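# Have a look at this prediction, sequence included:
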Amino acid sequence: MGREHLIKPVLDHPYPTIQYGKGVFLYDEQGKAYLDASSGAVTAGIGHGVQDIIDAMMEQASKVSFVYRSQFTSEPAEKLAKKLSDLAPGGDYWSFFVNSGSEATETAMKIAIQHWQEKGRFGKNKVISRRMSYHGITMGALSMSGHVLRRRRFIPLLEDFPVVAPAYCYRCPLNAASCKLACADDLETAIKRIGAEHIAAFIAEPIVGAAGGAIVPPAGYFKKIKEICERYEILFIADEVMTGIARTGEMFGMQHEGVEPDLIALGKGLSAGYTPMAATLVKDHVMAPILQGSKSIMAGHTYSANPQSAAISLAVLDYVNKHQLAESARSMGAYLLDKLRLMAEGIEIIGDVRGRGLLLALEFVRNRDDKTMFPPAAGITSRIIDTAFQKGLLVYPAAGAVDGAGDAIIVAPPLVITEAEADQLVQLLEEAIREVADELS
Ligand code: PLP
């Protein structure tokens, strides 16, 4: 082979060429099967090669794929916005369509700032966030992200927005002997330090994904967060890019918490990987001053609200509803969590097994009793991921979240996974982890 032209994540790594996908499996050009236990990047929620979606794609493509949102609206975009409003916590949301999760969180940040500007509150322009968090790779989204490894190269260009303690019970950042939700109180401490007059919004993932691995907050955490935000006139943005669209057993992760966010970022599962599609949902009361004021949101991308992507996302939502995939995420999530916990009992390097619905994770430790981490140079997460890959199993990294250290993998298969496939997943994962654990001993 001559020189290469495609920039891949690791430039000297040999990536297999994918041929096709069906259900929870992907097949490369050698015919090797991969059980997709990560749905790619927690994206392919309804599985690969679904004919209903292919049909919807063809139908829309035969009418029109693209119109520019400054010139036309389209039926699929209008319908999708209405459907998302009906599904989201408490209803009454507007939708702003974008192409990636990073754009969705960054647009949420801009709309929150514009909301206060339209009210004449020009000083409210910071968006604070938590230290273990990931909200995207573009500069605004990265400014909000508390993911040490992903920020590192760009620190001089970034705003220092991640200032609040994470709700990370396995390693309580406040060393609380018993939980009184001190991590939620830390938001109030940060607000007092910075001054509410400077803060437009607080952003958080309902369950932390890449920055730690399926970290579920303690009960009541988000209720308290929302109450603090309201008290200080700070908008609450839920980053549901990973948790949204049935992944956790409800359509939105915040539905487990009984909280209605002011803004919601969606991506990944919204199109389940069938097209680049993401959205910022905005509650009526956040839109109100903009409707009465400038009447235009200063954001947008060429492909925003294109009818092709909207039609595909509508078909994905129909599929999720028709096949009751939120319910599947609940039942199969409980099944898989049990199996993973059973598996973990016999493997000393697994420190924690956690998650909700089909967003699950394993955290690895050198010593289970005192939770000592492996040194980052040991590369435990990549070794487990690579070994699993060789065996035909795909899992997703969530390493380096605690000051650049810490090892975890996310297990988040398509929501259509069967019990037999889940058993196969656990068997392959156990083999991979044991192999790495044996090399260490
Ligand atoms: N927010 C969360 C919670 C994510 O998990 C991700 C991606 O992993 C993003 C935002 C960024 O989404 P994208 O990679 O589509 O830009």
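That came through, no problem.
# measure stretch 37-57 end to end?
25 Å (C-alpha to C-alpha, to the nearest Å).
# should've said stretch 409-424
17 Å.
# What of stretch 407-415?
25 Å.
# for it, which positions count as buried?
Neighbour counts using 16 or more other C-beta atoms under 10 Å place 407-415 of stretch 407-415 among the buried residues. C-betas here are computed from N, CA, C, even on glycine.
# check whether that stretch contacts the ligand.
No - Stretch 407-415 is not in contact with the ligand by C-beta under 6 Å from any ligand atom; minimum separation 9.6 Å.
# Make CSV from the buried residues of stretch 407-415 and add secondary structure and pLDDT to it.
Below are the buried residues of stretch 407-415 laid out as CSV (DSSP: H, G, I helix; E, B strand; the rest coil; pLDDT from 0 to 100):
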residue, secondary structure, pLDDT
Asp407, strand, 97
Ala408, strand, 97
Ile409, strand, 98
Ile410, strand, 98
Val411, strand, 98
Ala412, coil, 98
Pro413, coil, 98
Pro414, coil, 98
Leu415, coil, 98
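# Burial check on whichever residue of the stretch 301-441 of the chain sits closest to the ligand, number of neighbours?
Nearest to the ligand in the stretch 301-441 of the chain, going by C-beta to the nearest ligand atom, is Tyr396, at a distance of 9.0 Å. Using other C-beta atoms under 10 Å, Tyr396 is surrounded by 23 other residues.
# And for Glu435?
By other C-beta under 10 Å, neighbour count at Glu435 equals 15.
# Skipping adjacent residues, who's closest to it in space?
Thr387 (5.3 Å; C-beta to C-beta, 6 or more residues apart in numbering).
# just how off-centre is the one helix or strand that neighbour maps to within its chain?
Element membership for Thr387, per DSSP states H and E: helix 380-390. Distance, stretch centre to chain centre, for helix 380-390: 22 Å (C-alpha atoms, centre = their mean, to the nearest Å).
# Compute the inter-axis angle for that helix and strand 407-411.
If you take axes from the mean of the first three to the mean of the last three C-alpha atoms, to 10 degrees, helix 380-390 sits at 40 degrees to strand 407-411.
# counting contacts, what elements does helix 380-390 pack onto?
strand 359-364, strand 396-397, strand 407-411, helix 419-440 (3 or more C-beta pairs under 8 Å, 6 or more residues apart in numbering; DSSP states H and E).
# rerun that using 7 Å as the cut-off
Using 3 or more C-beta pairs under 7 Å, 6 or more residues apart in numbering; DSSP states H and E, the elements in contact with helix 380-390 are strand 407-411, helix 419-440.
# Just name the most buried of those.
Burial of the helices and strands packed on helix 380-390 is given as mean neighbour count (mean count of other C-beta atoms under 10 Å); strand 407-411 ranks first at a mean of 28.
# tell me the secondary structure for Met251?
Of the three states, Met251 takes coil according to DSSP: H, G, I helix; E, B strand; the rest coil.
# That one: neighbour count?
Met251: 25 neighbours (other C-beta under 10 Å).
# Enumerate every residue touching it.
Under the criterion of C-beta atoms under 7 Å, 6 or more residues apart in numbering, the neighbours of Met251 are 87, 245, 326.
# gap between it and Leu181?
26 Å (C-beta to C-beta, to the nearest Å).
# For the helices and strands packed on helix 380-390, give me a markdown table that also has distance to Pro289.
Below are the helices and strands packed on helix 380-390 laid out as a markdown table (distance: least, C-beta to C-beta, whole Å):
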| stretch | distance to Pro289 |
| --- | --- |
| strand 407-411 | 38 |
| helix 419-440 | 48 |
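# What separation is there between the residue lying closest to Met343 once chain neighbours are set aside and Glu345?
Nearest residue to Met343 in three dimensions, chain neighbours excluded: Glu430, at 5.0 Å (C-beta to C-beta, 6+ apart). If you measure Glu430 against Glu345 using C-beta to C-beta, the figure is 11 Å.
# returning to what we had before: roughly how far apart are the residue nearest to Glu435 and Leu429?
Thr387 is 10 Å from Leu429, by C-beta to C-beta.
# Can you name the residues in contact with stretch 55-64?
Contacts of stretch 55-64 (C-beta under 7 Å, 6+ apart): 76, 307-308, 311-312, 315.
# filter these down to the ones close to the ligand.
Okay, of those, nothing touches the ligand (C-beta under 6 Å from any ligand atom).
# Just the buried ones among those, please.
Looks like the contacts of stretch 55-64 have 76, 307-308, 311-312, 315 buried, using 16+ other C-beta under 10 Å.
# Could you pull up the residues touching Pro166?
Pro166 neighbours (C-beta under 7 Å, 6+ apart): 130-132, 173, 183, 208, 215.
# Make sure it is indeed in a helix.
No - assessed with three-state DSSP, Pro166 is coil; it does not lie in a helix.
# for the helix or strand of the chain with the lowest mean pLDDT, which positions count as buried?
Lowest mean confidence among the helices and strands of the chain (mean pLDDT, DSSP states H and E): helix 148-151, at a mean of 90. Neighbour counts over helix 148-151 (16+ other C-beta under 10 Å) mark 148, 150-151 as buried.
# So which of the residues you listed is the closest to Ile54?
Arg150 (33.8 Å; C-beta to C-beta).
# neighbouring contacts of stretch 369-384?
So stretch 369-384 is contacted by 171, 351, 364-366, 397, 399-400, 404-409, 432-433, 436 (C-beta under 7 Å, 6+ apart).
# Now do the contacts for Leu157.
Met139.
# Could you measure from it over to the ligand?
Using C-beta to the nearest ligand atom, to the nearest Å, Leu157 is found at 18 Å from the ligand.
# Can you pull the phi/psi pair for that residue?
phi -100, psi -10 (degrees, to the nearest 10).
# Report the separation between it and Gly23.
Where Gly23 is concerned, Leu157 sits at a distance of 42 Å (C-beta to C-beta).
# again with Leu80
25 Å.
# So which of those two has more stuff around it?
Leu80 (26 against 19).
# Over to stretch 211-227 now: how far is its first residue from its last?
25 Å.
# in it, what counts as buried?
211-218, 221-222, 224-226.
# same check, this time on stretch 196-213
199-213.
# what ranges do the helices span in the stretch 1-150 of the chain?
For the stretch 1-150 of the chain, helices defined by DSSP state H, counting those that start in this stretch occupy the ranges 39-42, 51-63, 75-87, 101-118, 139-144, 148-151.
# can I get those helices in JSON lines with distance to Phe374?
As requested, the helices of the stretch 1-150 of the chain are arranged in JSON lines below (distance: least, C-beta to C-beta, whole Å):
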{"stretch": "helix 39-42", "distance to Phe374": "24"}
{"stretch": "helix 51-63", "distance to Phe374": "40"}
{"stretch": "helix 75-87", "distance to Phe374": "41"}
{"stretch": "helix 101-118", "distance to Phe374": "29"}
{"stretch": "helix 139-144", "distance to Phe374": "26"}
{"stretch": "helix 148-151", "distance to Phe374": "15"}
